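> Following is a predicted model, sequence given first.
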Amino acid sequence: MKDEPIIQASHLSKIYKTDVLETVALDDVSFTINKGEFVAIMGPSGSGKSTLMHILGALDTPTSGEYILDGENVSLLKDDELADIRNRKIGFIFQAFNLLPRTTTMQNVMLPMAYAGVPKEERQERAKKFLEMVGLGNRLTHTSNQLSGGQQQRVAIARGLAMNPAILLADEPTGNIASNQASEIMSIFQDLNDQGHTIVMITHEPDIAEHARRIIHVKDGHLVKDGDDHKQRKAVK
Amino acid sequence: MEYSELIIEAIGTLTVNKLRTALATLGIVIGIGSVIALISLGQASQQAIQSQIQSLGANLLTVNPGAQRTGTVREAAGGGTTLTLADATAIETSTDVTAVQTVSPEAAKRTQVTTGASNTNTQVIGATAAYANVHKISMSEGNFLTDSDDQNMTKVAVVGSQVVSDLFTDGSDPIGQSIRISGQTFHIIGVTVSKGGTGFQNQDDIIYVPLSTAQKQLFGIDYLTSIALEAKSSDVMTDAQNQVGYLLLARHKFNDPTQADFSILSQQDILNTASSTTGTFTTLLSGVAAISLLVGGIGIMNIMLVTVTERTREIGLRKALGAKKKTIVAQFLIEAIILTFSGGIIGVGFGVLASFLYSTFTKSLFVISPMSVLLAFVVSAAIGILFGWYPARRAANLQPIEALRYE
């Protein structure tokens, strides 16, 4: 149970080609993430961490190498199959929240379930449950422009949880919110991790990364340092 | 995602920017509206012309003098002076002409007509008693012209209802009153029943006087402007046409029918000509309206392309959350179809209203064919699919990373 791999990345490379230039964004990166881990991927801008996040999130495919997510070989899939993988196996949390405008929190959380064809009653039931879980049980019919940044990010977390995915993939989740609300978000992540959720978080802020159990450092497209597993998480103040 | 949900979502999106939605729809509204209105007007005028021509008389044939040839110059048709009363009498008495029942020789001209205070310019027809039979004239008051009126060259007149309302504006009884036609005094002995009809041949705006009076006293001519014939039945129309044709060819000394100085038209010929003329006009005008529909469709495509660009981030998010290509295509296609279809509904409303108002003000027929309404709905939905397809494909083919990064 403890060492059940959920992400197996082996020799991942990504090369962007233009007419005159070949840019290596990711160069032969391999690592494994097990079920129940809380991993931060760190690196300065231009280090390739965004490219890595896109590949891990099945938003893009690697030029070479193999990526196996929860038993499925993602590197070989077509557009619509990737959409299906994203829908079922990945809960996205973006820096800019990316909620639908003029849409209620309930509808936002229900959206991935609608794409999966979950019946309407079940969608509502599950959306309500996850919104209560992130402390927004009293904001079900608010639209996103009526919420603070921290609240919007909590709606996004509830949306990420909606399909009960294999991993939660957070891209700079605290980048656009005030620091006191940022610690709320990190505390929710730690609670979810305690409940057994696997979380992969991309960040360039060391003190945010400290909340994770394991930190992977990326630089110039290479994996430069992979922190110890099961390290002590920094507690939220 | 179910289609019902996509439709509800699309309506929600379209109501966000109401002005833009309304303006985008306007092109379709105008296009569909004008197509509906023009088809309706075309059909109404076609029906009006048909019923009007049929009211002129059943089994009716008309002999008109043909164009005169002076050397190689061909003069205007109908202006000929070759048709005479003797021709009419010959048709009536010839033993070769068996299919004709009644012969009505006629001399017509537009003339100025006055009473004490009013005056009007109207059609004066010199006619015999046979005219009433051939043209199915009924009297609402008094009597029609008799043979003795013609023989005695009396100055009596039978007037149509339009003439009555034009000349006797005070509502007095016209019978027994006198009117002046070309400066000569005539006594009114009868008023005909209204046949209705408007436009180029108003059957109520006519004054009938005895043929001999018209020829000698009013117009100063010795020819006829037409001879109307009633065939014995609708089955012998062609026989009648041929018999009269050969008789007149012989009388006018022509061997070659293509050189004839007269023409014989049946009611059906006139009907066909009139129908094909209005049909051509309807088609032509609908074609112009269809072009505005095309322009409206391009407007829809334009606004959908703007929408796709504006909502790039939203599309990226939807794809990241698991929306497949066909779901995105459906989403944008449904928006386009709702735009054009609602435009179609409003356009049909405006088109029906416009033709209703037109028919009310001109007192003409109001005709809306269910086919044209159905066609309008189908066409407007088809325009949505046609012009929404490209923007929808473009949205579906966006790469999620690019779309999420888009600012």
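In hand now; what should we look at?
> what's the closest non-adjacent residue to B:K326?
Of all residues beyond its chain neighbours, the one nearest B:K326 is B:A396 (7.5 Å), with distances taken as C-beta to C-beta, 6 or more residues apart in numbering or on different chains. Just so you know, the C-beta spots here come from the backbone N, C-alpha and C atoms, and that holds for glycine as well.
> Please name the residues that touch that neighbour.
Neighbour list for B:A396: B:K325, B:K326, B:I328, B:V329, B:F332 [criterion: C-beta atoms under 8 Å, 6 or more residues apart in numbering or on different chains].
> The second one and A:D79, how far apart?
Looking back up the chat, that one is B:K326. With distances taken as C-beta to C-beta, to the nearest Å, B:K326 is found 11 Å from A:D79.
> Also the third one?
Taking C-beta to C-beta as the measure, B:I328 and A:D79 are separated by 11 Å.
> from the contacts of B:A396, which would you call buried?
Listed as buried from these are B:K325, B:I328, B:V329, B:F332; burial here means 16 or more other C-beta atoms under 10 Å in any protein chain shown.
> what are the phi and psi values for the residue lying closest to A:E172 once chain neighbours are set aside?
Nearest residue to A:E172, sequence neighbours excluded (C-beta to C-beta, 6+ apart): A:Q95, at 3.9 Å. A:Q95 adopts backbone torsions of phi -60, psi -40, taken as degrees, to the nearest 10.
> What's the per-residue pLDDT of A:Q95 here?
pLDDT recorded at A:Q95 is 91.
> can you pull the contacts of it?
By C-beta under 8 Å, 6+ apart, the neighbours of A:Q95 are A:D171, A:E172, A:P173, A:G175, A:N176.
> again with B:T340
Per C-beta under 8 Å, 6+ apart, neighbours of B:T340: B:T25, B:I28, B:G296, B:G297, B:I300, B:S380, B:A381, B:I383, B:G384, B:F387, B:G388.
> Dump those to JSON lines, plus secondary structure, neighbour count and pLDDT.
Formatted as JSON lines, the contacts of B:T340 follow (DSSP: H, G, I helix; E, B strand; the rest coil; neighbours: other C-beta atoms under 10 Å in any protein chain shown; pLDDT from 0 to 100):
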{"residue": "B:T25", "secondary structure": "helix", "neighbour count": "26", "pLDDT": "93"}
{"residue": "B:I28", "secondary structure": "helix", "neighbour count": "31", "pLDDT": "92"}
{"residue": "B:G296", "secondary structure": "helix", "neighbour count": "25", "pLDDT": "88"}
{"residue": "B:G297", "secondary structure": "helix", "neighbour count": "24", "pLDDT": "89"}
{"residue": "B:I300", "secondary structure": "helix", "neighbour count": "26", "pLDDT": "91"}
{"residue": "B:S380", "secondary structure": "helix", "neighbour count": "30", "pLDDT": "90"}
{"residue": "B:A381", "secondary structure": "helix", "neighbour count": "16", "pLDDT": "91"}
{"residue": "B:I383", "secondary structure": "helix", "neighbour count": "28", "pLDDT": "92"}
{"residue": "B:G384", "secondary structure": "helix", "neighbour count": "27", "pLDDT": "91"}
{"residue": "B:F387", "secondary structure": "helix", "neighbour count": "25", "pLDDT": "93"}
{"residue": "B:G388", "secondary structure": "helix", "neighbour count": "24", "pLDDT": "93"}
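> Closest one of these to B:S372?
Of all those, B:S380 has the smallest distance to B:S372: 12.5 Å, by C-beta to C-beta.
> Not counting sequence-adjacent ones, nearest residue to that closest one?
In this structure, B:S380 finds its nearest non-sequential neighbour in B:G344, 2.7 Å apart by C-beta to C-beta, 6+ apart.
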